[in-house]
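1. return atomic coordinates for the entry below.
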Amino acid sequence: MKASQETIQVRKGEELNKDRLAAFITGHLPEVPEGVLQIKQFGAGHSNLTYLLRIGNWEAVLRRPPLGPVAPKAHDMQRECKILASLHPFYPAAPKPYIFSDDISIVGSNFFIMERRKGIVVDTEFPDNITYTPAIGKRISKLMVEKLAELHQIDYTKTDLVTMSKPDGFMERQVGGWTKRYERAKTEEIPGVDELTNWLKLNIPTSENPAIIHYDYKMNNAMYSEDFTTLEGLFDWEMTTVGDPLADVGVALVYWMESTDPEMIKNGFGKPPVTIKEGFFTREEFMNEYAKKSGKDLSNMHFYLTFAYFKLAVICQQIYYRYHQGQTNDERFRHLNHYVASLIEYARSYSKGVVK
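-> The predicted structure is shown next:
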């Protein structure tokens, strides 16, 4: 099956200590049967490292931070584990976590283990056994909007996120924080960055009522049932917080590419996502459907889209910085700096109202 849930042999340099991990699992998860631990890696991620663990008929997923130094407060496995434990009862698509460990002697960093979900993950293409039709694209589009709006409707005060987040001044902190992250990870001068960050600081709108936001909501973080009518799983909750829900919509739309987008924007990570296919919502249709489902005013979405493209540029720059510094040998990242420059320019186009 050609989809991003596909596992690969563990990449060189990203191996786990099998004996220590097996002993940890045996000592802390009594429901696991006796047997030999088998480890595969989920190969699609660009940031945290994710592994499939199997002992007999038991399966689970392990997540740990990327190799090398990481940005302050980034890749916080304990926080993500706590978020999942808190959200799982309210939002079933969030996988149930089993255990967190800060003992770095086991796999070389802190980590957590969570349940494995099974279903279809779609990224740049559909699995070979599925004949794509525009009706499938429309069905997925509606489901993604519906589940995003549903997440935003959860009462965050009933979850642990109430003590883990500071909704007041959210967008001000976001603009300032991601600007600083960019400066720390900068490897070369890109024209227009200062102009862009100044525009963002001067144009922050009054935020919507705060809500739980996933903040990395995209196709390859979602898992569907075989008929694409239910969301079987939603992954990568490390950026989740309580903040402006329209910032979450902006991030989702940045990953929701269209066939008419510039080639460098579509192909920055390789192949474009399946959202470019006929049948999938356009970004405008996504926004209209979300406004209908949520009742929110989206008149300031140009700001949130500008910020979201900048935020993605910073994330890519942080990944490229690790490659540039020799902290990862993953060749997928060799030319990521060119994608960063394209994202910066595209963000500037949104800020000037050039892109609709």
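2. name the helices or strands packed onto the helix or strand where Q317 lies?
-> Using DSSP states H and E, Q317 sits within helix 301-324. Packed against helix 301-324 by the contact rule (3 or more Cβ pairs under 8 Å, 6 or more residues apart in numbering; DSSP states H and E) you find helix 170-185, helix 193-202, helix 245-255, helix 336-351. Yep, even glycine has a C-beta here, placed from its N, CA and C like the rest.
3. what comes up buried for the following helix or strand past the third one?
-> Spelled out, it's helix 245-255. Downstream of helix 245-255, the next assigned helix or strand under DSSP H and E is helix 263-266. Buried residues in helix 263-266, counting neighbours by 16 or more other Cβ atoms under 10 Å, are found at 265-266.
4. so what touches helix 263-266?
-> Helix 263-266 has contacts (Cβ atoms under 8 Å, 6 or more residues apart in numbering) with 257, 272, 276, 338-339, 342-343, 346.
5. ok, which pair from these is furthest apart?
-> Using Cβ to Cβ, the pair of the contacts of helix 263-266 lying farthest apart is I276 and H338, separated by 20.0 Å.
6. ok, the two, which is more surrounded?
-> I276 (17 against 13; other Cβ atoms under 10 Å).
7. that one and S259 touch, don't they?
-> Yes - using Cβ atoms under 8 Å, I276 is in contact with S259, at 4.4 Å.
8. M223 sits in which helix or strand?
-> strand 222-224.
9. what is that strand packed up against?
-> Strand 222-224 sits against helix 134-152, strand 231-234, with contacts defined as 3+ Cβ pairs under 8 Å, 6+ apart.
10. which residues touch Y51?
-> Neighbouring residues of Y51 by Cβ under 8 Å, 6+ apart: 10, 16, 39-42, 61-64.
11. mind redoing it with 6 Å?
-> For Y51, the contact set (Cβ atoms under 6 Å, 6 or more residues apart in numbering) comprises 39, 41, 62.
12. list the buried residues for stretch 303-321?
-> Buried residues in stretch 303-321 (16+ other Cβ under 10 Å): 303-321.
13. what's the answer for stretch 183-193, then?
-> 185, 190, 193.
14. does the nearest residue to S105 once chain neighbours are set aside sit in a helix, a strand or a coil?
-> Using Cβ to Cβ, 6 or more residues apart in numbering and skipping the chain neighbours, the partner closest in space to S105 is R20 (6.7 Å). With DSSP: H, G, I helix; E, B strand; the rest coil as the basis, R20 sits in helix.
15. do the one 4 residues further on as well
-> Three-state call for F24 (three-state DSSP): helix.
16. for I113, give its distance to L84.
-> To L84, I113 is 11 Å away according to Cβ to Cβ, to the nearest Å.
17. also L143?
-> Distance, L143 to L84, by Cβ to Cβ: 21 Å.
18. can you check D168 too?
-> Plainly put, D168 is 25 Å away from L84 if you go by Cβ to Cβ.
19. so which strand or helix has L62?
-> Using DSSP H and E, L62 falls in strand 58-64.
20. in that strand, which residues are buried?
-> Neighbour counts over strand 58-64 (16+ other Cβ under 10 Å) mark 60-64 as buried.
21. how is this structure partitioned into domains?
-> 7-115, 134-351 (automatic domain parsing).
22. ok, the residue minimising distance to the centre of the chain - contacts?
-> Nearest to the geometric centre of the chain sits D216, at 3.2 Å (Cα atoms, centre = their mean). Neighbouring residues of D216 by Cβ under 6 Å, 6+ apart: 236, 239.
23. residue ranges with poor pLDDT in the stretch 251-356 of the chain?
-> Across the stretch 251-356 of the chain, the ranges flagged by pLDDT under 70 are 355-356.
24. rerun at 50
-> Judged against pLDDT under 50, the stretch 251-356 of the chain has no low-scoring part.
25. tell me the pLDDT of G13.
-> Note on G13: pLDDT of 86.
26. SS state for Q41?
-> For Q41, the secondary-structure state derived from three-state DSSP is strand.
27. right, and it touches K12 too?
-> No - between Q41 and K12 there is no contact under Cβ atoms under 6 Å: 10.8 Å.
28. one step back: so for L143 and L84, which sits in the more crowded spot?
-> Counted by other Cβ under 10 Å, L143 and L84 do not tie: L84 has more neighbours, with 23 against 17.
29. how far away is the nearest residue to that one once chain neighbours are set aside from R64?
-> Using Cβ to Cβ, 6+ apart and skipping residues adjacent in sequence, the residue nearest L84 is P97, 4.5 Å away. Between P97 and R64 the computed distance is 13 Å (Cβ to Cβ).
30. residue contacts, P30?
-> P30 neighbours (Cβ under 6 Å, 6+ apart): none.
31. and it, that's in a strand?
-> No - assigned with three-state DSSP, P30 falls outside any strand and is coil.
32. just to revisit the earlier point, neighbour-wise, which of Q41 and K12 wins?
-> Counted by other Cβ under 10 Å, Q41 and K12 do not tie: Q41 has more neighbours, with 19 against 7.
33. which residue packs closest to the more buried one, ignoring adjacent ones?
-> In space, and not counting its chain neighbours, Q41 is closest to V10: 4.6 Å by Cβ to Cβ, 6+ apart.
34. pull the number of nearby residues for that neighbour.
-> 17.
35. ok, it touching F42?
-> No - V10 lies out of contact with F42 (Cβ under 6 Å); the separation is 10.3 Å.
36. ok now stretch 85-100, how far from the chain's centre?
-> On the basis of Cα atoms, centre = their mean, to the nearest Å, stretch 85-100 sits 16 Å off its chain's mean C-alpha point.
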